[in-house]
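Colleague: When you get a sec, could you give me coordinates for this:
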Amino acid sequence: MSNFVFLLDIHKRPLNPIRPGLARKLLTTGKAAVFKRYPFTLILKVEITAPQEPITLKLDPGSKATGIALVRGENIIFGAELTHRGQAIKASLESRRSLRRGRRNRHTRYRKARFLNRTRPKGWLAPSLQHRVETTLTWATRLMKVAPIGSIVQELVRFDLQQLENPEINGLEYQQGVLCGYESREYLLNKWDRKCAYCGITDTPLQVEHIHPRAKGGSNRISNLCLACDACNKKKGTQALEQFLSKKPDILKRILSQAKRPLKDAAAVNSTRWALFNGLRLTTGLPVSTGSGGLTKFNRTRLNLPKSHWLDAACVGKVEELKVLTFQPLLIKAAGHGTRQMCGTNRFGFPVRHRSKKQIHFGFQTGDIISATVTAGKKVGSYVGRVLCRASGSFDIATMKGRVAGISHKYCKPIHKKDGYSYGF
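Modeller: Sure, this is the predicted structure:
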């Protein structure tokens with residue numbers, strides 16, 4: 001079953017999303033028209049004044065991808081996964097830095113150093129991290145324009161839900177509650193890539209293992225914990241790690257280094273979580289509540305839902321029951337808006353090409369999503385994807401199966417104008 005279809009009235013006010021069958025009927029009878037392709041939105045030709053049922057927007061921010069879900073009551077009616085381009089931004093900044101350094105070291109005219117005239121404002125984030133915050137805020141505001149969203153839930157901090165249920169709880173009872181072990185276990189699953197640290201097996205129940213055994217003075221600190229399958233855990237027993245892996249020095253070296261390595265993705269999420277929380281409150285003006293990562297996993301496990309970003313988002317916060325009414329999330333990938341650089345350079349920083357100021361050719365712009373039905377020649381077929389425009393009129397189309405070159409603009413029809421994202425299902 002696909003996602004629900006968003007609906008607007010004639011004044012572009014958001015209405016309750018409808019099922020695909022009803023949307024098809026409205027289009028067939030001429031009572032509505034297509035307003036937007038991604039996410040698919042219809043606009044009615046009449047005004048609707050009836051009150052709408054509020055929808056909850058749930059977010060599961062991640063380092064590489066953010067899960068998005070719209071929940072109405074106990075029903076998940078829309079899901080999406082937003083893939084960030086933080087690594088691409090970081091690589092671009094490093095390339096620019098190396099080119100600038102190369103120019104300074106050449107025997108050319110003197111350039112005065114400018115390293116004391118820059119100040120960073122309070123709350124400054126690196127561009128690759130700020131991008132994660134801004135793209136998530138962008139999609140929160142976009143969804144508010146097409147759905148009657150009444151509140152937002154973001155995965156952020158740990159709530160003391162046990163005390164809410166039992167005000168008299170104290171001491172050891174906290175450690176034995178329903179969330180016992182979920183926070184640390186979720187951290188270890190991310191740190192050790194959800195596989196056994198010793199044999200690398202995946203898709204099997206993993207146990208929390210002490211690298212330095214408790215029987216020999218090992219602690220319960222997170223740096224002394226890893227994940228192991230049942231067979232490796234029993235085989236290691238109370239042996240020291242060096243003794244257990246004496247014939248596997250490569251694995252021993254990897255485990256020791258990985259145990260001390262900080263969790264990079266967790267650090268990125270931790271750096272941006274408050275910026276996103278405050279941005280959601282200021283930008284949307286809606287009440288924003290939070291939930292912890294351990295609670296999210298507890299809800300997903302209790303409801304027996306598969307692991308995915310958008311279902312994790314639906315499980316954020318306090319959840320009693322969930323009914324999944326869609327199984328086809330919208331895949332959104334941040335592709336950027338191009339570059340303003342007029343002179344292209346090679347890997348040494350020397351100019352090799354010049355970019356034209358004209359970006360629109362035959363009504364198309366690089367980054368538009370188009371459909372092309374070729375009826376003659378060697379490229380006969382139908383293609384859908386992002387277009388790469390040329391002044392000659394011979395375009396390239398980046399489809400899900402690969403890149404198709406040499407498609408004439410005469411066969412192309414626009415589907416979705418360039419907005420910095422690519423879409424799929």
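Colleague: quick one: strands adjacent to the strand or helix carrying Pro414?
Modeller: In the assignment (DSSP states H and E), Pro414 maps to strand 412-416. Sheet pairing for strand 412-416, assigned by DSSP bridges, gives strand 369-374 (antiparallel).
Colleague: next structured bit after the strand it pairs with?
Modeller: strand 381-388.
Colleague: and that following strand, what does it pack onto?
Modeller: With contacts taken as 3 or more Cβ pairs under 8 Å, 6 or more residues apart in numbering; DSSP states H and E, strand 381-388 sits against strand 369-374, strand 394-399, strand 402-408. Any C-beta I mention is one placed from the backbone N, CA and C, and that applies to glycine too.
Colleague: how about the last one: buried residues?
Modeller: Within strand 402-408, the residues that qualify as buried by neighbour count (16 or more other Cβ atoms under 10 Å) are 404, 407-408.
Colleague: In the stretch 201-350 of the chain, where is pLDDT below threshold?
Modeller: 261-263 (pLDDT under 70).
Colleague: what ranges do the helices span in it?
Modeller: Per DSSP state H, counting those that start in this stretch, the stretch 201-350 of the chain has helices spanning 230-236, 241-244, 249-260, 264-284, 293-302, 309-314. These are given in chain order.
Colleague: Tell me which of these sits nearest to Arg142.
Modeller: Closest approach to Arg142 among these is made by helix 264-284 (11.2 Å; Cβ to Cβ).
Colleague: contact partners of the closest one?
Modeller: 59, 61-64, 86, 123, 125, 129-130, 132-133, 136-137, 140-141, 144, 149, 152, 154, 156-157, 187, 190-191, 286, 288, 290 (Cβ atoms under 8 Å, 6 or more residues apart in numbering).
Colleague: could you give the angle of it to helix 293-302?
Modeller: With axes from the mean of the first three to the mean of the last three Cα atoms, to 10 degrees applied, the angle from helix 264-284 to helix 293-302 works out at 100 degrees.
Colleague: Can you lay out the buried residues of strand 402-408 as JSON lines showing distance to Phe348 and pLDDT?
Modeller: As requested, those are arranged in JSON lines below (distance: Cβ to Cβ, whole Å; pLDDT from 0 to 100):
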{"residue": "Val404", "distance to Phe348": "32", "pLDDT": "90"}
{"residue": "Ile407", "distance to Phe348": "34", "pLDDT": "90"}
{"residue": "Ser408", "distance to Phe348": "36", "pLDDT": "90"}
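Colleague: re earlier: which stretch among the helices of the stretch 201-350 of the chain is buried most, on average?
Modeller: Ranked by mean neighbour count, those are led by helix 309-314 with a mean of 26 (mean count of other Cβ atoms under 10 Å).
Colleague: just checking, what packs against it?
Modeller: Secondary structure elements in contact with helix 309-314, counted by 3+ Cβ pairs under 8 Å, 6+ apart, are strand 55-60, strand 65-72, strand 75-83, helix 293-302.
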